[in-house]
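Participant: Compute the structure for the input listed below.
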Amino acid sequence: MTRAIVNEAGMPLGVFRYCFKSREELLQEVIKRLTESSVAAARQVFAAEGDLGSRIGDRLDAFWRGVEASPGEYLVGYELTHYALRQAGFEELAQRQYAHYLEVHRDLLTEVAESAGVRWTVPLPVLARYLNSVLDGVALVWLIDRDSESSREVLRLAGRHLETLAEKVE
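Facilitator: You can find the predicted model right below:
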């Protein structure tokens, strides 16, 4: 795999070894880079004005625009997960990948709750896992059927559900 990577990049194997200690380190960096742009966009959306429903809806919409604009990035993310789960010794890569996703979702849910003056009625780790599962599922199904309108409807439904899991802070 390492030779295929350097051949595709048109660089000597020594440069790869200089930049990365292992394939796992390279794959972890790819995973990190894949999530950075969507996280930055989500944080900007959460910083916007509006009630809880519009903040959640705007965030989900920003996520969706990213999926439609860069389907290859999401496909690569899924492929990396499957690769890591199927390769002996790489299972931890998939675990770190999804631990990172869950951390990002916890942070974003915390930010939106604080900015909207609400608290979640469900434990944050559970809510982050729920949100991650919805986003993963919607994106994966869309990669298969490209039914954008149905995907947006699912995200609107998830947004309405998230609203019911919050209460005003007194």
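
Participant: Setting aside sequence neighbours, what's the nearest residue to Y101?
Facilitator: Beyond its immediate neighbours in the sequence, the residue positioned closest to Y101 (CB to CB, 6 or more residues apart in numbering) is N132, lying 5.3 Å away. Yep, even glycine has a C-beta here, placed from its N, CA and C like the rest.

Participant: pLDDT score for the one you found?
Facilitator: pLDDT for N132: 94.

Participant: Give me the buried stretch members for the helix or strand containing it, please.
Facilitator: Under DSSP states H and E, the secondary-structure element containing N132 is helix 124-145. When neighbours are counted by 16 or more other CB atoms under 10 Å, the buried residues of helix 124-145 are found to be 124, 127-132, 134-136, 138-139, 142.

Participant: ok, for T110, nearest residue in space, not its chain neighbours?
Facilitator: Of all residues apart from its sequence neighbours, L124 sits closest to T110 (CB to CB, 6+ apart), at 6.8 Å.

Participant: Tell me how far the one you found lies from L108.
Facilitator: For L124, the distance to L108 (CB to CB, to the nearest Å) stands at 11 Å.

Participant: what does L157 give?
Facilitator: In terms of CB to CB, L157 sits 19 Å off from L108.

Participant: more neighbours, the two?
Facilitator: L108 (19 against 11; other CB atoms under 10 Å).

Participant: Could you tell me how far the helix or strand where the more buried one lies lies from the centre of the chain?
Facilitator: In the assignment (DSSP H and E), L108 maps to helix 91-116. In this view, helix 91-116 has its centroid 8 Å away from the chain centroid, taken as CA atoms, centre = their mean, to the nearest Å.

Participant: just checking, what packs against it?
Facilitator: In terms of contacts (3 or more CB pairs under 8 Å, 6 or more residues apart in numbering; DSSP states H and E), helix 91-116 is packed against helix 23-46, helix 52-69, helix 71-86, strand 118-120, helix 124-145.
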